[in-house]
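In: Give me coordinates for this.
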Amino acid sequence: MINRQNIMVWLIILTLLTIAFQSQASEQKFAEFTSCQLRNSEVIAPCKIGYRTYGTLNKAKSNAVLVPTWYGGNSEGHAYLADPMYIDPSKYFVVIVDAIGNGVSVSPSTSQTQPLEKFPRFTIADMVATQHRVITETLGITRLHAIAGLSMGGMQTLQWAVQYPQATTRYAAIIGTPRLPSFDITLWTTRNILLRWYLDCQCMEPRKALAGVWMLGSVPDVLAKDVSRQEVLSKIEADAKGMTLTPGKAWDQIRQAEAMMAHNIALETADDMAKAAERIIGSVLIVTGEDDRVVTPGPAKALAGLTGATLVELDKDCGHGDPWCDAEGFGRALRRFLSQ
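Out: Got it, this is the predicted structure:
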């Protein structure tokens, strides 16, 4: 029997499902540029940059929040951020832009004119420049409400702060860094060596080594609980066999890792991070993960001290994964920051 109460319940359920669908469903869009000039004077041509949008841009075009993608990530995989728990699409116009080299935007794996190893080296600053073109030229937005990125997305967020200091007054850098320390550079150099070895031999050994290196990004005590001493080798072998690694994907990863290793927001201030910090206008949120062995939190914490940033230190024994393991704490900090 259908009564008014049942109808109201179904209307509420339908509304919630609609909101959930709208927050996740957005078609892949592309900004197609004839070429993109890189900082090393090389040119990517043609230059197609992917992006997805969630929510509605207000009349004043003042509610846009840019989300750059992390290493190997794409705009589809970042869709979960367009959610009331993180960046509410009923309040903000969320623009998630695919970074150069991620396999959606122009990349070694997608370029017809500069494929694989012929694809030019690019930097985090080059990623940011293409995002700026998408925001200003394609979407017609002159000022953003905020920029928020995780991991390599956090690196891009901090690069925005010094490269386009008038673009916004809110920067949320989550498990990112203003520049990589030696430990991080060692990690990504090792991965790139293994990727190049795999490209040369197309064999299983470098894949196993890549799987092992990735496991070393775990918090040691947590890894010990998840994988016993006797299971380590079988875990490495299983991860290596399950790895999807085409030549195109390998070159995408190599080029993005090279961009991270060269990343330094103090590059134009003679490597003086204090002077680079002086160029940052507005509010900064820095979120770190305790015992992060993928992006060392030290440089980000130091930048927080130089900029007077709000520093949130997560510690859920997940290292680089703390924002996901402590989704409630991360989400609360981000919501509060965006609403200031």
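
In: quick one: the helices in this structure?
Out: 4-24, 124-133, 152-163, 182-201, 204-215, 220-226, 232-241, 247-262, 273-278, 298-307, 322-325, 327-339 (DSSP state H).

In: Keeping just the C-alphas, turn the shortest one into CSV.
Out: The C-alpha trace of helix 322-325 is given here as CSV (Å, rounded to 0.1, in the frame of the first residue of the first chain):
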residue,chain,number,x,y,z
ASP,A,322,46.5,9.0,5.6
PRO,A,323,44.0,11.3,3.9
TRP,A,324,42.0,8.2,2.8
CYS,A,325,42.5,6.4,6.1
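
In: and Gln28, how many neighbours?
Out: Using other CB atoms under 10 Å, Gln28 has 12 other residues around it. Where you see a C-beta, it was placed from the backbone N, CA and C, and this is true even at glycine.

In: same check, this time on His320
Out: Residues near His320, counting by other CB under 10 Å: 21.

In: Next one: the residue nearest to it when sequence neighbours are not counted from Gly154, what distance?
Out: What sits nearest to His320 in space, not counting adjacent residues and going by CB to CB, 6 or more residues apart in numbering, is Val294, at 3.9 Å. According to CB to CB, to the nearest Å, Val294 and Gly154 sit 12 Å apart.

In: neighbour-wise, which of those two wins?
Out: Gly154 (27 against 19).

In: Please identify the nearest residue in space to the more buried one, excluding sequence neighbours.
Out: Closest to Gly154 by CB to CB, 6+ apart is Gly176, at 1.8 Å.

In: Could you list which residues are in contact with that neighbour?
Out: Going by CB atoms under 8 Å, 6 or more residues apart in numbering, Gly176 touches 149-158, 295, 300.

In: repeat that for 7 Å
Out: Contact analysis of Gly176 by CB atoms under 7 Å, 6 or more residues apart in numbering lists 149, 151, 153-155, 157-158, 295, 300.

In: Let me know the closest of those residues to Ala167.
Out: Thr157 (10.9 Å; CB to CB).

In: got a pLDDT number for Tyr92?
Out: Tyr92 carries a pLDDT value of 98.

In: same question, Met1
Out: 37.

In: With Gln159 instead?
Out: 98.

In: My guess is it contacts Val128. True?
Out: Yes. Between Gln159 and Val128 there is a contact under CB atoms under 7 Å: 4.9 Å.

In: Contacts only, for the nearest residue to Ser90 once chain neighbours are set aside.
Out: Nearest residue to Ser90, sequence neighbours excluded (CB to CB, 6+ apart): Gly55, at 6.7 Å. Residues in contact with Gly55 (CB under 7 Å, 6+ apart) are 82, 89-90, 92-94.

In: Quick check: Gly55 vs Gln202, distance?
Out: In terms of CB to CB, Gly55 sits 44 Å off from Gln202.

In: ok, Ile280 - contacts?
Out: 161-162, 165, 307 are the contacts of Ile280 under CB under 7 Å, 6+ apart.

In: Adding distance to Gly289 and neighbour count, write those out as JSON lines.
Out: Shown next, in JSON lines, are those (distance: CB to CB, whole Å; neighbours: other CB atoms under 10 Å):
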{"residue": "Ala161", "distance to Gly289": "21", "neighbour count": "28"}
{"residue": "Val162", "distance to Gly289": "24", "neighbour count": "22"}
{"residue": "Pro165", "distance to Gly289": "27", "neighbour count": "14"}
{"residue": "Thr307", "distance to Gly289": "19", "neighbour count": "23"}
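
In: And the furthest pair within those residues?
Out: So, these by CB to CB: farthest apart are Pro165 and Thr307, at 12.1 Å.

In: Nearest residue to the middle of this structure?
Out: In the chain, the centroid-proximal residue (CA atoms, centre = their mean) is Trp70; its distance is 2.3 Å.

In: Do I have it right that that residue meets Gly154?
Out: No. Using CB under 7 Å as the test, Trp70 is too far from Gly154 to be in contact (8.1 Å).

In: ok, the contacts of Gly176 vs Lys48, which is closest?
Out: Using CB to CB, those come closest to Lys48 at Gly153, 19.7 Å.

In: how many other residues sit next to that closest one?
Out: 28.

In: Contact partners for the residue lying closest to it once chain neighbours are set aside?
Out: Distances taken as CB to CB, 6+ apart place Pro68 nearest to Gly153, at 4.2 Å, with adjacent residues excluded. By CB under 7 Å, 6+ apart, Pro68 lies in contact with 97, 99, 127, 131, 149, 153, 156-157.
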